[in-house]
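Asker: curious how this folds, go ahead:
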Amino acid sequence: MNEITTAKRPPEPDFSAITTEELIAYREAENRFRASSAARAFTGEPDPGAAIDWQEIALPGRDLPVRVYRPAPTGDDEAAARTDLPLVVHVHGGGFVGTAVQCDWTNSHLAAQLPALVVSVEHRLLAPGSPLADAADDGWQVLDHVLRYAAQWGVDPARTAVFGESCGALISALTAIRAREAGLELKAQVLVNPAVDVTETMFDYASIAEYAYSPTLALPQLRLVQRLAVPPGTDASTLSPLYADDLSGLAPALVVVPTQDAVADHGRRYAERLRAAGTSVRLSEYPGAKHAFLTLPGVEPQAKAAQAEILQFLRAALTK
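Answerer: Numbering: from 1, shown residues only. Sure, this is the predicted structure:
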């Protein structure tokens with residue numbers, strides 16, 4: 001899981017006709033680029049006040065990598081590691097491609113400035129034989145594992161939040177629902193450009209019609225996500241937070257919506273459903289921002305403002 005010094009970004013394939021072999025080859029090449037120093041011009045430099053490393057968590061039937069961000073030891077902290085940090089479990093964006101490394105800028109700043117322990121889930125990516133249900137299990141089981149061993153991780157289990165972008169926001173929203181069902185009280189959920197509907201209505205939104213092919217080729221990618229996420233015979237509503245039977249009693253939510261985004265209306269509708277269910281929610285729109293803008297501070301000018309808002313929201317929710 002080591003970062004790569006240099007890597008060349010692969011050309012974007014035809015997502016409407018991509019084969020399994022082409023998908024795997026593209027994923028590997030794209031993730032090598034995202035984990036390389038060359039990508040830092042887009043994804044930003046980590047906060048030097050955070051220590052970053054990879055760890056593996058033993059989950060049922062598998063070991064799963066997580067990228068861990070801690071406040072860097074300074075002064076007296078070098079002698080005694082913190083044992084009472086708030087916990088943020090993060091899930092990166094990208095359904096069939098993506099890596100926790102692409103979120104180093106945001107997560108390292110949260111770790112250093114909250115301060116907090118941030119655990120970013122390197123979830124199973126969508127592919128034939130690896131549906132969304134697997135990735136959703138990864139998100140939930142990492143949260144459950146870290147909280148079960150909170151003392152070993154040095155966290156205060158009473159101060160826990162979930163956070164994700166795009167498909168990672170979908171996984172985080174599902175995790176928040178599962179936490180409530182398990183009797184676990186989360187303090188906050190942060191959902192950035194969330195895609196929260198993988199049912200047959202996934203594409204029935206004005207924002208998808210408006211931004212299907214500009215500023216990015218979003219629609220072919222979303223169609224691929226849906227095909228991979230929901231195998232035949234799967235009840236897609238169980239994987240779509242928008243269609244959850246009960247959204248009451250969930251952790252207070254910050255829903256961040258870039259307006260030039262095909263799934264902008266997913267976030268808006270989910271905020272409406274949360275509010276109607278009595279769950280506290282703040283909908284924050286960023287005019288002119290594009291999908292995944294939070295992970296691209298080198299080219300997206302509003303990323304810093306969104307990061308500051310997320311930091312403020314989590315600080316208020318997680319501070320004793």
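
Asker: and the helices in this structure?
Answerer: For the chain, the helices defined by DSSP state H cover 20-34, 40-43, 104-113, 132-148, 150-153, 167-181, 206-210, 218-229, 264-276, 303-318.

Asker: would you turn these into a markdown table with mean pLDDT, mean neighbour count and distance to Leu296?
Answerer: All C-beta atoms are positioned from the backbone trio N, CA, C, and that covers glycine. Below are the helices of the chain laid out as a markdown table (pLDDT from 0 to 100; neighbours: other C-beta atoms under 10 Å; distance: least, C-beta to C-beta, whole Å):
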| stretch | mean pLDDT | mean neighbour count | distance to Leu296 |
| --- | --- | --- | --- |
| helix 20-34 | 97 | 17 | 11 |
| helix 40-43 | 97 | 16 | 5 |
| helix 104-113 | 98 | 24 | 9 |
| helix 132-148 | 98 | 20 | 22 |
| helix 150-153 | 96 | 14 | 30 |
| helix 167-181 | 98 | 26 | 15 |
| helix 206-210 | 98 | 15 | 19 |
| helix 218-229 | 97 | 19 | 15 |
| helix 264-276 | 98 | 20 | 17 |
| helix 303-318 | 98 | 17 | 6 |
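
Asker: adding distance to Val255, write those helices out as CSV.
Answerer: Below are the helices of the chain laid out as CSV (distance: least, C-beta to C-beta, whole Å):
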stretch, distance to Val255
helix 20-34, 25
helix 40-43, 23
helix 104-113, 16
helix 132-148, 17
helix 150-153, 27
helix 167-181, 8
helix 206-210, 14
helix 218-229, 19
helix 264-276, 5
helix 303-318, 11
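
Asker: those helices: which one's closest to Pro11?
Answerer: In terms of C-beta to C-beta, the element of these nearest to Pro11 is helix 20-34, at 8.8 Å.

Asker: give me the contact list for the closest one.
Answerer: Applying C-beta atoms under 8 Å, 6 or more residues apart in numbering, the contact partners of helix 20-34 are 4, 7-10, 13, 18, 39, 43, 96-99, 101-102, 125, 127-128.

Asker: re the thing from before, closest to Pro241 out of the helices of the chain?
Answerer: Among the helices of the chain, helix 167-181 comes nearest to Pro241, with 3.9 Å by C-beta to C-beta.

Asker: close enough to count as contact, His90 and Phe163?
Answerer: Yes - with contact defined as C-beta atoms under 8 Å, His90 and Phe163 form a contacting pair (4.8 Å).

Asker: Val118 against His90, yeah?
Answerer: Yes - contact criterion C-beta under 8 Å: Val118 and His90 qualify, at 5.7 Å.
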